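Q: Just to be clear, the model below is a prediction. Sequence and coordinates:
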Protein chains: 2
Amino acid sequence: MLNFVYHNPVKVVFGRGTIAKLANLVKTDQKIMMTYGGGGSIRQNGVYDQTIDALKGHSVVEFGGIEPNPRYEICMEAVEKAKTERVNFLLAVGGGSVLDATKFIAAAIRYEGKDPWDIVGKRAPVKSAVPLGCVMTLPATGSEMNSIAVISRESTREKLPFSSRHIYPQFSIIDPETTYSLPERQVANGIVDTFVHVVEQYLTYDVNTPLQDRQAEAILLTLIEEAPKVLKDPKNYDVRANLAWCATQGLNGLIACGVPQDWSTHMIGHELTALHGLDHGQSLAVLLPAVLHHQRKEKGTKLLQYGRRVWKTEGLGHDETINAAITRTIDFFKSVGMHTRLSDYNITPSHSREIANRFEQRGVKLGEHQAIGKPEIEEILALCA
Amino acid sequence: MLNFVYHNPVKVVFGRGTIAKLANLVKTDQKIMMTYGGGGSIRQNGVYDQTIDALKGHSVVEFGGIEPNPRYEICMEAVEKAKTERVNFLLAVGGGSVLDATKFIAAAIRYEGKDPWDIVGKRAPVKSAVPLGCVMTLPATGSEMNSIAVISRESTREKLPFSSRHIYPQFSIIDPETTYSLPERQVANGIVDTFVHVVEQYLTYDVNTPLQDRQAEAILLTLIEEAPKVLKDPKNYDVRANLAWCATQGLNGLIACGVPQDWSTHMIGHELTALHGLDHGQSLAVLLPAVLHHQRKEKGTKLLQYGRRVWKTEGLGHDETINAAITRTIDFFKSVGMHTRLSDYNITPSHSREIANRFEQRGVKLGEHQAIGKPEIEEILALCA
């Protein structure tokens, strides 16, 4: 096991009717900016009204219109509004995109450098942030219980993550009933996103961490079990609750304790989103099988364990187990309605070089061994053509 | 799934050589009282020296002599010393007993009522506590990442728990190397304590929580796998690290999220310790199989799952699976050197009534259904005679 520090101060308030608890989670002397999306879903599913009701007696201004893969440009509009209105608490109401944008806004308001994009583009250190909380309505990113945000920039067609302990939400409310009305495409994106978060932390190389391995497998097995149920019965409370808790547990730092981490699927995936507009989940479903196939030697021990424990590939040899594990992963993604090839999105091999070049330009190598560079990225993209 | 709140602010610093990190975890303007045990183990294994080294430049007073099942009486001596010395930070160095005592001391220093025992005996609310941290050298109680402490009182022969959000350690340092020199009896106690913590939160009734169930099974399976290794090879770092992380994860609130909880084995066990001097782990090894047998109907669904997933009892029917699960649990406890009958400790059935009476006098019923009262406690004690 590797040395680690685990410190996650988020207060999770989980269950039916928990939006009403907002009244006690935010102080009345705080001036709140409530941030939300542009699609109108929180107005349709009642979350907007529940939130406003719970915040009666509080001073609230609103900033709507945050889109999926939130853009730096719109975040900076929110920063201006927050400064003008002298806001001192941010409340994100929506999915991971709204929360990620809000985390960036919180850091950018207090940023003392010239250009807040440097927080993302140059990993400039975040020394402070406006306190924030969230009402999470789309289980997927795990953003509700972590210190990570991913921000896109229109002008440069970039999508990049940043992290700071100052952007942990003070609290996150998760009411599974708010997810009943999610479109199937979002449900599938959320399942795949959670699945791949776990795999990025689990399928690396073995450092003797049987508890963390089983905690990771616990999430994967639960996702595989619950996914068909949610598609058949979208208003089953327990299924929604189980998927939401999987999403939160998938990226809150717990299964990362003491293990190496990969994240190459995510990093290449962000390029497919930034350059070609794929949903985040869609990009992961295409890339993960190719990354696993390409790295089957480096990840051999863990891939074997993954096949045997998660996909119950009994009686197969080493190579057959790994082949079966990758095939079953693809089948699982397809079963929730996901495409798994670049050609399904009309992305041709000629696009691969542009993506690989971007990592070379940034001087970044990917994967748990930092060994996936330009040629390997091209090979991976060729594998999912 | 039941509604829940999860909020665990402890910073865990885990791994080789981490005691040196104390220098940055405690501020130099804090006056520290370092608390530790009476057996001298931290002097023998180097932890005392490492701690003092790391705290160079800090103002430190010491309070040693805290014994297993820490007594109210000695805690109050520490409270007096802390007040006289105007201490404003407590650092527990040792196992769960030292930390539990320190948690009580932290609350008692700030307690405004007449008699600090009321915090334990009457569950008087704790409104504040002196900040504390710990160097955990005995993985077992999970105290390093929770807000619980168990305190004994000599004059009344009582052993009772209390809980408050104010007694979470600010940080806990866990260096698995500090556990190399633990006596086998303490290792066995720690394994059984962790195992039973998990079972108290896992083997209740089913409320559809597949992730939490698997997270619980992850700990049980890892304990079963690592236990024989630690007995054979006490200086195997990874085995020690895995056991330590199991202990922390077993009682930090995570597997309790959204599920009912039992705790009858612990509560009856505390009486065996208070009245008959059994180690905490010893009391649990005797009682758990009897509680499971007595509650086999109420816990049927989960016992069946426990048998099949943890003990791999394939091909057996309902009753046979549950019988096998209980037998295998007993065998596991015996395999680490534990006794599993009251007669092994010369405790006769005539003592059972006194124990059962105590719960009746307190007006307390036990278990996830609050249905285990005086007659049931006597029946359970008869089962482990």
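A: All right, it came through fine.

Q: any idea of the pLDDT on residue A:348?
A: Listed pLDDT for residue A:348 reads 87.

Q: how near is the closest residue to residue A:39 other than its chain neighbours to residue A:152?
A: Distance criterion Cβ to Cβ, 6 or more residues apart in numbering or on different chains; nearest residue to residue A:39, sequence neighbours excluded, is residue A:67 at 7.9 Å. C-beta: built from backbone N, CA, C; applies to glycine. According to Cβ to Cβ, to the nearest Å, residue A:67 and residue A:152 sit 9 Å apart.

Q: if you count what's nearby, which of these two comes out ahead?
A: Taking neighbours as other Cβ atoms under 10 Å in any protein chain shown, residue A:67 and residue A:152 compare with residue A:152 leading, 25 against 14.

Q: give me the element that one is part of.
A: strand A:148-153 (DSSP states H and E).

Q: part of a helix, is residue A:104?
A: Yes - under DSSP: H, G, I helix; E, B strand; the rest coil, residue A:104 sits within a helix.

Q: Now do the contacts for it.
A: When contacts are counted by Cβ atoms under 8 Å, 6 or more residues apart in numbering or on different chains, residue A:104 touches A:70, A:72, A:75, A:116, A:119, A:120, A:149, A:151, A:162, A:167.

Q: Surely the first one touches residue A:97?
A: Yes - proximity of residue A:70 to residue A:97 meets the contact threshold set by Cβ atoms under 8 Å, at 4.9 Å.

Q: anything in contact with each of those two?
A: By Cβ under 8 Å, 6+ apart, no residue touches both residue A:70 and residue A:97.

Q: State the number of residues packed around residue A:348.
A: 9.

Q: so where do the strands sit in chain A?
A: A:4-6, A:11-14, A:31-37, A:59-66, A:89-94, A:132-136, A:148-153, A:158-163, A:171-174 (DSSP state E).

Q: Point out the one among the ones you listed that comes closest to residue B:277.
A: Residue B:277 lies closest to strand A:4-6 among the strands of chain A, at 36.0 Å (Cβ to Cβ).

Q: could you give the mean pLDDT of that closest one?
A: 98.

Q: which secondary structure elements does it contact?
A: Contacts defined by 3 or more Cβ pairs under 8 Å, 6 or more residues apart in numbering or on different chains; DSSP states H and E place strand A:4-6 against strand B:11-14.

Q: Any residues of the stretch 151-300 of chain A in contact with chain B? List them.
A: Contact residues, the stretch 151-300 of chain A versus chain B (Cβ under 8 Å from any Cβ of the partner chain): A:208-212, A:214-215, A:217-219, A:221-222, A:225-226, A:237-238, A:241-242, A:245-246, A:249, A:254, A:257-258.

Q: which regions of chain A sit below the pLDDT cut-off?
A: Nowhere does chain A drop to pLDDT under 70.

Q: Outline the domain layout of it.
A: Following automatic domain parsing, chain A resolves into domains at A:11-178, A:184-383.

Q: Would you mind telling me which of those domains is nearest residue B:270?
A: So among the domains of chain A, domain A:184-383 is nearest, using Cβ to Cβ, at 27.3 Å.

Q: so what's the residue nearest to the spatial centre of chain A up against?
A: Centroid-nearest residue in chain A, with Cα atoms, centre = their mean: residue A:141, separated by 2.5 Å. When contacts are counted by Cβ under 8 Å, 6+ apart, residue A:141 touches A:95, A:96, A:99, A:100, A:150, A:193, A:247, A:251.

Q: which residues touch the first one?
A: Neighbour list for residue A:95: A:37, A:68, A:136, A:137, A:138, A:140, A:141, A:186 [criterion: Cβ under 8 Å, 6+ apart].

Q: hmm, 7 Å instead?
A: A:137, A:138, A:140 (Cβ atoms under 7 Å, 6 or more residues apart in numbering or on different chains).

Q: for the last one, phi and psi?
A: With angles defined as degrees, to the nearest 10, residue A:140 shows backbone torsions of phi -170, psi -60.

Q: how about the nearest residue to it, chain neighbours excluded?
A: Take residue A:140 and drop its neighbours on the chain: the residue closest to it by Cβ to Cβ, 6+ apart is residue A:190, 3.5 Å away.

Q: Could I get the full set of helices for the stretch 251-385 of chain A?
A: A:264-276, A:280-294, A:300-310, A:318-335, A:352-362, A:374-383 (DSSP state H, counting those that start in this stretch).

Q: Next: the stretch 101-250 of chain A.
A: Under the criterion DSSP H, counting those that start in this stretch, the stretch 101-250 of chain A contains helices at A:118-121, A:184-202, A:210-232, A:237-250.

Q: now those helices as TSV including distance to residue B:59 and mean neighbour count?
A: TSV is the format used below for the helices of the stretch 101-250 of chain A (distance: least, Cβ to Cβ, whole Å; neighbours: other Cβ atoms under 10 Å in any protein chain shown):
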stretch	distance to residue B:59	mean neighbour count
helix A:118-121	38	20
helix A:184-202	41	25
helix A:210-232	38	21
helix A:237-250	41	25
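
Q: Residue A:173 is nearest to which of those?
A: The nearest among the helices of the stretch 101-250 of chain A, by Cβ to Cβ, is helix A:237-250 at 11.1 Å.

Q: what separates the closest one from the chain centre, distance-wise?
A: Relative to the centre of its chain, helix A:237-250 is centred 14 Å away, using Cα atoms, centre = their mean, to the nearest Å.

Q: CA-only coordinates of that helix, as PDB, when you get a sec.
A: Provided in PDB are the C-alpha atoms of helix A:237-250 (Å, rounded to 0.1, in the frame of the first residue of the first chain):
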ATOM      1  CA  TYR A 237     -36.500   4.900  -5.200                       C
ATOM      2  CA  ASP A 238     -34.000   2.300  -3.900                       C
ATOM      3  CA  VAL A 239     -32.400   1.800  -7.400                       C
ATOM      4  CA  ARG A 240     -32.100   5.600  -7.800                       C
ATOM      5  CA  ALA A 241     -30.600   5.800  -4.300                       C
ATOM      6  CA  ASN A 242     -28.100   3.000  -4.900                       C
ATOM      7  CA  LEU A 243     -26.900   4.600  -8.200                       C
ATOM      8  CA  ALA A 244     -26.600   8.000  -6.500                       C
ATOM      9  CA  TRP A 245     -24.500   6.600  -3.600                       C
ATOM     10  CA  CYS A 246     -22.300   4.700  -6.100                       C
ATOM     11  CA  ALA A 247     -21.600   7.900  -8.000                       C
ATOM     12  CA  THR A 248     -20.600   9.700  -4.800                       C
ATOM     13  CA  GLN A 249     -18.500   6.800  -3.500                       C
ATOM     14  CA  GLY A 250     -16.800   6.500  -6.900                       C
END
